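Visitor: coords please:
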Amino acid sequence: MNNTPFNKPYLSGKETQYIEDAVRSGKISGDGIYTAKCHKFFEERFGFNKTLLTTSCTDALEMCGILLDIQPGDEVMLPSFTFVSTANAFLLRGANLIFADSMAMNPNMDASRIEELITPRTKAIVVVHYAGIACDMGKIMDLAEKHELYVVEDAAQAIDSYYNGKPLGSIGNLGAFSFHETKNVISGEGGMIALNDKKFQNRAEIIREKGTNRSAFFRGEVDKYGWVDIGSSFLPSDIIAAFLFAQLENLDDIQQKRRKIWDKYDELLQPLREEGRLQLPQIPGYATNNGHMYYIVCNGLEERSALIAHLKKKGIMAVFHYISLHSSHLYRNRYKGMALTEADRYTNSLVRLPLFYDLTMEEVARIAEEIKSFYKQYHRQSSPHVATLNT
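Guide: Residues are numbered from 1 along each chain as shown. Predicted coordinates for the structure are as follows:
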């Protein structure tokens, strides 16, 4: 039996070649030749106003918190069903977190429920494009304009995905991307901030360089540099950028293969959806699919746990995802808001299937067959969330 991991990093073959080139250039700290190549790629390919590579998407989000001048007592709205970095970036600035529920059709925050959560203390809305599928950015941007709020796009999973033709990460005031090894294009760890509002450009450079105007000094704009603002060391080594650039050169090939795998899963699992056995990803008409993730939604925690265990016995590594942040160990005693039933449903029921460049169509078919085999044995009782497995 062949084991199928959840993820396997893609390699173009040029990563080590470009890393060696960066080393031989004599400059492997931040903002070297490959960092410049990556910035140029993103700005030309997707039309981002200005981009800056960071050491992680977490750092990009933390830069957003500083750039928006989040102060203690400010309210920042975000989905509960997301990774902790989305919240930590603003909690570290003293913000009060206001959690929004997900939609029934997919885990993105429900734009129709946002306005009721806005108060005079709300300063920003942070959207997360789950699985690379766009949130309803039209509604969200209209609300932001009406209430004079900033919008940050956590586009960690959303490279090369669009809302009504606009690249995700380019619509809000700021965008943040991830190049972690589980993403479509990778550098092991790594991220990027997109500065869509020009007023943030100069300060972003300063914050990223430990609060100094070092970047302006190297451009000859000042005769010496010093400490002018708060900041941290958010810029990555050029070795990381060299690895990333080798990936970016192959973006179209990567995307084509990932979407092909996604489509195959969707085709093979449709019969289970039609039988009402599980929920499959739903992509709104305003969104595109970047092939980042294929997930299924089971009918409760017991069913999900049994399915994951079944697949593991067959050598298939499928995994669950986030625990709703409002119910997390850190935040559950602080949360005083409404019930977030959809976020909790995804917490208990969502399963991510293996999806990576080297995954073969035969492996996809085997995974789909094992899921079908599981459901042939698994029978729900009176409640759809209570089930038994015939053994």
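Visitor: dihedrals phi and psi, the residue lying closest to residue 231 once chain neighbours are set aside?
Guide: Spatially, and ignoring its direct neighbours in sequence, residue 231 is nearest to residue 211 (3.3 Å; CB to CB, 6 or more residues apart in numbering). In this view, the C-beta of every residue, glycine as well, is placed from N, C-alpha and C. Taking degrees, to the nearest 10, you get phi 90, psi 20 for the backbone angles of residue 211.
Visitor: same deal with residue 178?
Guide: phi -120, psi 140.
Visitor: that one: neighbour count?
Guide: 29 (other CB atoms under 10 Å).
Visitor: cool, and residue 344?
Guide: Quick note: residue 344 (other CB under 10 Å) scores 18 neighbours.
Visitor: with residue 66 instead?
Guide: Residue 66 has 23 neighbours, counted by other CB under 10 Å.
Visitor: thinking again about what came up before, the residue nearest to residue 231 contacts residue 228, doesn't it?
Guide: Yes. Using CB atoms under 8 Å, residue 211 makes contact with residue 228 at a distance of 6.6 Å.
Visitor: okay, those two: which has more neighbours?
Guide: Just comparing residue 211 and residue 228: by other CB under 10 Å the higher neighbour count belongs to residue 211, 18 against 15.
Visitor: quick one: pLDDT of that one?
Guide: Here, the pLDDT recorded for residue 211 equals 92.
Visitor: OK, contacts around the nearest residue to residue 109 once chain neighbours are set aside?
Guide: Nearest residue to residue 109, sequence neighbours excluded (CB to CB, 6+ apart): residue 79, at 4.0 Å. Listed by CB atoms under 8 Å, 6 or more residues apart in numbering, the contact partners of residue 79 are 86, 99, 100, 101, 102, 107, 108, 109, 127, 128, 130, 343.
Visitor: out of the residues you listed, who has the most neighbours?
Guide: residue 127 (31 neighbours).
Visitor: against residue 210, how distant is the spatially most distant residue from the centre of the chain?
Guide: Taking CA atoms, centre = their mean, the residue of the chain most remote from its mean C-alpha position is residue 223, at 39.7 Å. Residue 223 is 19 Å from residue 210, where distance means CB to CB, to the nearest Å.
Visitor: repeat that for residue 282.
Guide: Applying CB to CB to residue 282 and residue 210 gives a distance of 44 Å.
Visitor: between the two, who's got more neighbours?
Guide: For residue 282 versus residue 210, the count of surrounding residues by other CB under 10 Å is larger for residue 210: 15 against 12.
Visitor: setting the sequence-adjacent residues aside, check what's closest to the more buried one.
Guide: Nearest to residue 210 is residue 231, by CB to CB, 6+ apart, at 5.0 Å.
Visitor: surely that neighbour and residue 209 touch.
Guide: Yes. Shown here, residue 231 and residue 209 form a contact pair, counting by CB under 8 Å, at 6.5 Å.
Visitor: neighbour count for those two, which is higher?
Guide: For residue 231 versus residue 209, the count of surrounding residues by other CB under 10 Å is larger for residue 209: 25 against 19.
Visitor: hey, where'd the helices end up in this protein?
Guide: Using DSSP state H, the helices of the chain run over 15-24, 33-46, 57-67, 84-91, 137-147, 201-208, 214-218, 238-248, 251-274, 301-313, 341-349, 361-377.
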